[in-house]
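Engineer: test case, fold it:
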Amino acid sequence: MVLLSLAAIIDNLLNRLKWPAATFSAICLPLSLYAFFQLLTRCFLRPLDVLPLVAGAVGFMLAWRNFTWVVWLGNGLITLEHELTHAIFAWLTGHKVVSFKTSMKRGGRVKFIGEGNWLITVAPYFFPTAAFVLLLPAILMPFSFLPWPEIALGIALGFHLISTWIETHKDQSDLQKLGWTFCWLFLPTANVIAVAMLIAFAHDGFSGIQQYFSDCWLLVVWIKESLLGLKKA
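Structural biologist: Here you go, the predicted structure:
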């Protein structure tokens, strides 16, 4: 009963914040793109640091394009990751997950106790769950002198790009439920940030992620100072 009450409170709060979150996300799109450009600039200056990431991403996408069994397996994994992401965000927002089903032919379905919220619905369309699934085993793999974590992040990046492309279409029931206006406002920025965080972590660890968000803030400061300068002039 306590868990259900907590979930209801979180749902109510999040659902009230749906459109403010979408608006804020849209406003932040230029900031996220600017910081992404700065990140790519650092990667070009130190290309060897992101070579394993690029190799993992390109290798996965080439395998997807050229091998039927990879597509067959990948489609099953896309469904699994999709439903797992719904379940994770249901759990994170206080819901008890009571059913988790996936099928290669019939898709998947997650059931949880409570009304739910937009974050549970939208999560699979921007959150790279595969990165977390792949990263821990990669860190624990033998021959630590090899860049397993970076390669794993590259595979996760390739998987995320392909799965997002496949799942984001006009007939997708989740997106219809959310509304296309909300999706166009929220998802571009969310996906830019998700991809940037994978690249930044592969390039420079947590410091790289911190630098990415610092670049976002630096643009805010520059805009603020420029507006104040115009006002004084």
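Engineer: what distance do you get for Ala90 to Gly114?
Structural biologist: 8 Å (Cβ to Cβ, to the nearest Å). Bear in mind the C-beta positions are built from the backbone N, C-alpha and C, glycine included.
Engineer: which one's more surrounded, the two?
Structural biologist: Using other Cβ atoms under 10 Å as the criterion, Ala90 and Gly114 rank with Ala90 on top: 26 against 19.
Engineer: can you map out the helices along this structure?
Structural biologist: For the chain, the helices defined by DSSP state H cover 2-16, 18-45, 51-66, 68-92, 118-122, 129-140, 148-167, 173-178, 180-232.
Engineer: which among those helices is found nearest to Gly108?
Structural biologist: Of all these, helix 68-92 sits nearest to Gly108, with 3.8 Å by Cβ to Cβ.
Engineer: centre of the chain versus that closest one, how much separation?
Structural biologist: Centre-to-centre, helix 68-92 and its host chain are 13 Å apart (Cα atoms, centre = their mean, to the nearest Å).
Engineer: quick one: buried residues of it?
Structural biologist: 70, 74, 77-90 (16 or more other Cβ atoms under 10 Å).
Engineer: what's the closest of these to Leu153?
Structural biologist: Distance to Leu153, by Cβ to Cβ, is smallest for Glu81 among the buried residues of helix 68-92, at 15.1 Å.
Engineer: residues in contact with the closest one?
Structural biologist: Contact partners of Glu81, counting by Cβ atoms under 8 Å, 6 or more residues apart in numbering, are 124, 129-130, 133, 159, 163.
Engineer: out of these, which one has the lowest pLDDT?
Structural biologist: Scanning the contacts of Glu81 for pLDDT, the low point is Val133. It has 87.
Engineer: tell me the contacts of that one?
Structural biologist: So Val133 contacts 81, 156 (Cβ under 8 Å, 6+ apart).
Engineer: that one and Trp64: what is the separation?
Structural biologist: Distance, Val133 to Trp64, using Cβ to Cβ: 17 Å.
Engineer: just give the nearest non-adjacent residue to the most centrally placed residue in the chain, would you?
Structural biologist: Centroid check for the chain by Cα atoms, centre = their mean gives Phe127 as the closest residue, at 2.7 Å. If the residues on either side of it in the chain are set aside, Phe127 comes closest to Thr85, at 5.6 Å by Cβ to Cβ, 6 or more residues apart in numbering.
Engineer: can you check Ile193 too?
Structural biologist: In space, and not counting its chain neighbours, Ile193 is closest to Ser32: 5.3 Å by Cβ to Cβ, 6+ apart.
Engineer: mind listing what that neighbour touches?
Structural biologist: Taking Cβ under 8 Å, 6+ apart as the contact definition, Ser32 lies against 189, 192-193, 196, 216.
Engineer: just the buried members of those residues?
Structural biologist: Among the contacts of Ser32, the ones that count as buried by 16+ other Cβ under 10 Å are 189, 192-193, 196, 216.
Engineer: using CSV, lay out those together with distance to Met141 and pLDDT.
Structural biologist: Formatted as CSV, the buried ones among the contacts of Ser32 follow (distance: Cβ to Cβ, whole Å; pLDDT from 0 to 100):
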residue, distance to Met141, pLDDT
Thr189, 33, 97
Val192, 30, 97
Ile193, 28, 96
Ala196, 25, 96
Cys216, 33, 93
